[in-house]
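[1] here you go, sequence then predicted model.
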Number of protein chains: 2
Amino acid sequence: MSEIEFIVRDARSSDCHSIHSLICELAEYEKMPDQVEITAERLKEDGFGPDHQPRFHCFVVENIAEKTIVGFLLYVQKYSTWKGPFLWMEDLYIQPKYRRFGLGRSLVCTLIRRAHQLQMPRIEWNVLGWNHLAREFYHNKLGAIDLTHDDDWLTYRLTRNRFENLLQLNPSNVRIDEK
Amino acid sequence: MSEIEFIVRDARSSDCHSIHSLICELAEYEKMPDQVEITAERLKEDGFGPDHQPRFHCFVVENIAEKTIVGFLLYVQKYSTWKGPFLWMEDLYIQPKYRRFGLGRSLVCTLIRRAHQLQMPRIEWNVLGWNHLAREFYHNKLGAIDLTHDDDWLTYRLTRNRFENLLQLNPSNVRIDEK
């Protein structure tokens, strides 16, 4: 039997500095390092703050010998009007020198176990088109489908810099009753 | 001044039967009517149940004269590891005979106002590639960007029928410490 060298577990508040470093490493890998605005403090507040439900959930991989976090998987609950709640995998990352040990597979397996326990109908996530290694794993090993090409779904984004200009879109025969 | 004929407001538990009918109409329009598994009761429980935070939020358009719901917009909070929480528009639908009155625009405007109030960095959503009218509105009127083509993001899905087969993916040198 092989020896246990790594543990996958739910993240704790004290992991947020490590998770933040890994988020920055992943953004670097994705060629968009200047996009990261989040801080470790914000992650603590959003994921483990005392006054609201967690805004995300996260698993980490811990190297037992070195007591370091070498990878993470961050997910949230989303909602389908056809199927109800399901899980959305926002990020999956393993540090380069720890790849090829199956740690990414272990994180995905943990998410699938969670989805199975919660009786979720599906898991969804984004992947960059050029990341062929990841796509091959998702397609061949998991049997996932590519909604973009198989079902013709596209993803759109509207950013904050456009909001103020658009607040007046409302036609005059409609009253908005706001909370 | 034109007379107010419609109201946009937050959905209530008693709207769930109407919202369910509109979800079914939208699935029909999207050519996937057999995909709807949700029930009106499930929507009530998930959106307005007493024992948990709402799993979704929803605006409806009410026809004042007829006291009927003629459209809806359903959204959830998602999470970006780069920017923090943001809003995801899951569905937007107006009944065919009420189109061209600006009601879809009014629903989107209400979501933008909500995002602005909550200081959200972005709103995201999916659209079917063949729905050129919608894409033109999102692109030309809102100034939204198409992440699929502009940033090369694809969306993947893993469905429940694959979960059981995949629970054993974990490599032997990693221990999963589950809650």
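    That came in fine, so what should we check first? What you see is a predicted model; the values in this text were computed from it and never measured. Numbering: from 1, shown residues only, chains lettered A, B, ... in the order given.
[2] can you give me the strands for chain A?
    Taking DSSP state E, the strands of chain A run over residues A:6-10, A:57-63, A:68-80, A:84-94, A:122-128, A:145-146, A:153-159, A:174-177.
[3] can you lay out those as TSV showing distance to residue A:47?
    C-beta: built from backbone N, CA, C; applies to glycine. As requested, the strands of chain A are exported to TSV (distance: least, Cβ to Cβ, whole Å):
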stretch	distance to residue A:47
strand A:6-10	10
strand A:57-63	6
strand A:68-80	9
strand A:84-94	12
strand A:122-128	18
strand A:145-146	29
strand A:153-159	23
strand A:174-177	33
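[4] for those strands, give me JSON lines that also has mean pLDDT, mean neighbour count and distance to residue B:124.
    Supplementary listing: those in JSON lines, determined by pLDDT from 0 to 100; neighbours: other Cβ atoms under 10 Å in any protein chain shown; distance: least, Cβ to Cβ, whole Å:
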{"stretch": "strand A:6-10", "mean pLDDT": "97", "mean neighbour count": "18", "distance to residue B:124": "26"}
{"stretch": "strand A:57-63", "mean pLDDT": "98", "mean neighbour count": "21", "distance to residue B:124": "19"}
{"stretch": "strand A:68-80", "mean pLDDT": "98", "mean neighbour count": "21", "distance to residue B:124": "11"}
{"stretch": "strand A:84-94", "mean pLDDT": "97", "mean neighbour count": "20", "distance to residue B:124": "11"}
{"stretch": "strand A:122-128", "mean pLDDT": "97", "mean neighbour count": "20", "distance to residue B:124": "10"}
{"stretch": "strand A:145-146", "mean pLDDT": "97", "mean neighbour count": "17", "distance to residue B:124": "18"}
{"stretch": "strand A:153-159", "mean pLDDT": "98", "mean neighbour count": "20", "distance to residue B:124": "5"}
{"stretch": "strand A:174-177", "mean pLDDT": "93", "mean neighbour count": "16", "distance to residue B:124": "22"}
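[5] TSV for those strands, including distance to chain B?
    Formatted as TSV, the entries for the strands of chain A read as follows, by distance: least, Cβ to the nearest Cβ, whole Å:
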stretch	distance to chain B
strand A:6-10	4
strand A:57-63	7
strand A:68-80	4
strand A:84-94	5
strand A:122-128	5
strand A:145-146	5
strand A:153-159	4
strand A:174-177	4
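[6] so which of the ones you listed gets nearest residue B:74?
    Among the strands of chain A, the nearest to residue B:74 by Cβ to Cβ is strand A:68-80 (7.5 Å).
[7] adjacent strands (with direction) for that closest one?
    Paired neighbours of strand A:68-80 in the sheet (DSSP bridges): strand A:57-63 (antiparallel), strand A:84-94 (antiparallel).
[8] residue A:13 and residue A:69, how far apart?
    Using Cβ to Cβ, to the nearest Å, one gets 13 Å for the distance from residue A:13 to residue A:69.
[9] not counting its neighbours along the chain, what's nearest residue A:11?
    Beyond its immediate neighbours in the sequence, the residue positioned closest to residue A:11 (Cβ to Cβ, 6 or more residues apart in numbering or on different chains) is residue A:58, lying 3.8 Å away.
[10] now the one you found: how far from residue A:10?
    According to Cβ to Cβ, residue A:58 and residue A:10 sit 7 Å apart.
[11] same question, residue A:3
    Applying Cβ to Cβ, one obtains 23 Å for the distance of residue A:3 from residue A:10.
[12] same deal with residue A:23?
    Applying Cβ to Cβ, the value for residue A:23 to residue A:10 is 17 Å.
[13] just residue A:89 next, same as before
    15 Å.
[14] for the residue lying closest to residue A:114 once chain neighbours are set aside, what are its contacts?
    Spatially, and ignoring its direct neighbours in sequence, residue A:114 is nearest to residue A:87 (7.1 Å; Cβ to Cβ, 6+ apart). Residues in contact with residue A:87 (Cβ atoms under 8 Å, 6 or more residues apart in numbering or on different chains) are A:75, A:76, A:77, A:78, A:111, A:114, A:115, A:118, A:120, A:122, A:123, A:124.
[15] pretty sure the second one contacts residue B:81?
    By that I understand residue A:76. No: under the criterion of Cβ atoms under 8 Å, residue A:76 is not in contact with residue B:81, lying 10.4 Å apart.
[16] what do those two both touch?
    Common neighbours of residue A:76 and residue B:81 are listed as residue A:90 (criterion: Cβ under 8 Å, 6+ apart).
[17] so how far is residue A:5 from residue A:112?
    For residue A:112, the distance to residue A:5 (Cβ to Cβ) stands at 22 Å.
[18] who has more neighbours out of the two?
    Neighbour tally, residue A:112 and residue A:5, criterion other Cβ atoms under 10 Å in any protein chain shown: the higher count belongs to residue A:112, 24 against 16.
[19] contacting residues for residue A:151?
    With the criterion set at Cβ under 8 Å, 6+ apart, residue A:151 makes contact with A:145, B:128.
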